[in-house]
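**Student:** turn this into a structure:
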Amino acid sequence: MRRSPLTGVLLVLVLAGGCTSSPDDAKPAPSAAASPPAWTEPASYGFVLERRCEGRPSLGVYRVTVENGKVTSTDRVDGRPAGGEEDIEVPTLGGLLELARTAAEDGGHMSTSADPADGHPVAVSFDVSEKGDNAENTCFRISDYKAN
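**Tutor:** Residues are numbered from 1 along each chain as shown. Sure, this is the predicted structure:
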């Protein structure tokens, strides 16, 4: 069966006609995900901090209380003794972010993630090793955050 050139032109017009739109039909493009709000560290709050990098075992889980801008209590809550692991002096969340910024300023790699609702940090990691291969990352996950 032989088609005439007119059949091809009609097919193109029909297909093109379905792709046209008028300004009235235009829909706005979906907006990009909003950034978390800027977080201001409150004077008093609590959180749980886990020392853990993805794909590696946990190095400790701590329940932390901050009052008047200072850590007032740190309780290891994972039920494990330090056993060869170094127990840490847990900083405030502001102090943890400052450690990460200092690592970056010293040429290291750092990353942070924030809660989309209020902007408090939920993950902080940094690596200041000379290799910069992230094999010696220091990573923290923050959960159960509650401002008082």
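**Student:** output the strand ranked longest in the chain in CSV, but only the C-alpha positions, please.
**Tutor:** For the chain, the strand with the greatest residue count under DSSP state E is strand 138-147. Output of strand 138-147 as CSV, limited to C-alpha atoms (Å, rounded to 0.1, in the frame of the first residue of the first chain):
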residue,chain,number,x,y,z
THR,A,138,34.2,10.8,62.0
CYS,A,139,30.4,10.6,61.8
PHE,A,140,27.6,11.4,64.1
ARG,A,141,23.9,10.9,63.8
ILE,A,142,21.5,13.0,65.8
SER,A,143,18.1,11.8,66.9
ASP,A,144,15.4,12.5,69.5
TYR,A,145,16.2,16.2,69.5
LYS,A,146,14.0,18.3,71.7
ALA,A,147,14.4,21.9,72.6
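**Student:** hmm, who's touching that strand?
**Tutor:** Contacts of strand 138-147 from elsewhere in the structure, counted by Cβ atoms under 8 Å, 6 or more residues apart in numbering, are 42, 44-54, 63, 93, 96, 115, 120-127. Just so you know, the C-beta spots here come from the backbone N, C-alpha and C atoms, and that holds for glycine as well.
**Student:** how near is the residue nearest the centre of the chain to residue 101?
**Tutor:** When Cα atoms, centre = their mean is applied to the chain, the residue found nearest the centroid is residue 113 (2.2 Å). For residue 113, the distance to residue 101 equals 15 Å [Cβ to Cβ, to the nearest Å].
**Student:** next one: residue 39
**Tutor:** On the measure of Cβ to Cβ, residue 39 and residue 101 end up 14 Å apart.
**Student:** swap in residue 111?
**Tutor:** Taken as Cβ to Cβ, the span from residue 111 to residue 101 is 12 Å.
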